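Colleague: let's see this in three dimensions:
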Amino acid sequence: MMPGNTVSVLRDGAEAFPAMLEAIAGARRSILLEMYIFASDDTGWRFADALAERARAGVEVAVLSDAVGSFSTDVGLWRALEDAGARHIEFGPLDRWWRPRRLFWSTRDHRKMVVVDGRVGFTGGMNVADEYGPGDDGSPGWRDTVVRVEGPAVSDFTRTFLEVWGQTGGPQLMSPDPGVEIPPAGDVRCGLVGLTSRKRGSRGRRSVYRSYRRAMAAARQRIFLTNPYFLPDRRFLADLHDARRRGVEVSVLVPGRSDVPAVKYASRHLYDRLLRWGVQIHEFHERVLHAKTAVIDGVWCTVGSFNLDPRSAEHNLEVNLSIEDAGIGRQMERIFDEDLERAERVHLSDLKERPLIERLIQAIAYSLRWLL
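Modeller: Purely as a prediction, here's the structure:
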């Protein structure tokens, strides 16, 4: 954790996209952008045009996208960026996936980051795509959360981007220098946590997962979890059980509408035991829930790309911002409460009413969770 930062919590594309684009437009030296999905829809082209404009103005622009997440992106978008002088690298090219094992257990760059001039950083669960922003019909888009950071912690954003950029074969970048000391910009303690190497056994492989478990082990009052792909392993479930036995309130917000229905069914397989332990489960049906956040005892928070599922824990490159601050904690709890107002609480009696075939589908989906 680094002191001296300012952290702004941004909800949905309505708040996050304008803040990102404003920071990009104000860039003077460098823009580093890393996205699992960088779509070639209206939102993607809006970002591409903003990046290209800065590249033509002499700003060093580096874009790192994932081959799987951005599989359907029009190559014309990458060409437009490169023609403007930006550099683009693809993580995990598909031409290397000639064996089934690579297809199902490959490492993916699931991180979402933007770093401007080495001074402003963004991270969260939001990709660059239309579904995350407001629609033409006035719909708010997917429910997601992003944080904007200024201060010494941004040096970690730069460092983690450059590590993966170099491992992926990206050319040497002139700026920013992650070793330059960044002056304080506020009074929030925070730090970036995540995997920065594709090698198995590398430093940080399960660092986000461990940060969750440490915070939950220290919880004394309440644990609020929001996650779109809620498939924790036995140790994580045991931590939730232990927290309930200590008298800690545990509340979990998961999707009622999911972009991956199989994960929703697999997650529901856990409901029975969680509810029997006294864990509160709420399903968010208003729109697709994609936020990956937690707030514990109103002080410790995390926001990022990490899903509570086997793929994020074992395979993907992920990054989360951990925050220790009562003010941010209160804000995160308020956001959680507002989301609960739009969700439906699940009760044990609801499970008994589900038909046998649905419960069978849930059990099968859960048994295949390592492939989801």
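Colleague: low-confidence stretches in the chain?
Modeller: Residues of the chain meeting the criterion pLDDT under 70: 95-105, 195-205.
Colleague: report the central residue of it.
Modeller: The geometric centre of the chain, computed from its C-alpha atoms, lies nearest to Ser305 (Cα atoms, centre = their mean), at 1.6 Å.
Colleague: distance of that residue relative to Gly194?
Modeller: Distance, Ser305 to Gly194, using Cβ to Cβ, to the nearest Å: 8 Å. Just so you know, the C-beta spots here come from the backbone N, C-alpha and C atoms, and that holds for glycine as well.
Colleague: overlap of the contact sets of those two?
Modeller: Counting by Cβ atoms under 8 Å, 6 or more residues apart in numbering, the shared contacts of Ser305 and Gly194 are Arg111, Glu318, Val319, Asn320.
Colleague: which ones are touching the last one?
Modeller: When contacts are counted by Cβ under 8 Å, 6+ apart, Asn320 touches Thr123, Leu192, Val193, Gly194, Val208, Ser211, Lys292, Thr302, Val303, Gly304, Ser305, Phe306.
Colleague: ok, back up a step: now, the shared contacts of Ser305 and Gly194 that are in helices?
Modeller: With helices taken from DSSP state H, there is no overlap with those.
Colleague: helices of the stretch 101-250 of the chain, start to end?
Modeller: Listed in chain order, the helices of the stretch 101-250 of the chain (DSSP state H, counting those that start in this stretch) span 154-167, 207-217, 234-245.
Colleague: pull the CA atoms of the first one into CSV?
Modeller: To tie it back to what came earlier, the one meant is helix 154-167. Listed next in CSV are the C-alpha coordinates belonging to helix 154-167 (Å, rounded to 0.1, in the frame of the first residue of the first chain):
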residue,chain,number,x,y,z
VAL,A,154,0.3,5.0,-10.5
SER,A,155,4.0,3.9,-10.8
ASP,A,156,2.7,0.4,-10.3
PHE,A,157,0.3,0.8,-13.2
THR,A,158,3.2,1.7,-15.4
ARG,A,159,5.5,-1.0,-14.2
THR,A,160,2.9,-3.8,-14.6
PHE,A,161,2.0,-2.7,-18.1
LEU,A,162,5.7,-2.5,-19.2
GLU,A,163,6.5,-6.0,-17.8
VAL,A,164,3.8,-7.6,-19.9
TRP,A,165,4.5,-5.4,-22.9
GLY,A,166,8.1,-6.5,-22.8
GLN,A,167,7.2,-10.2,-22.3
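Colleague: no further questions, thank you.
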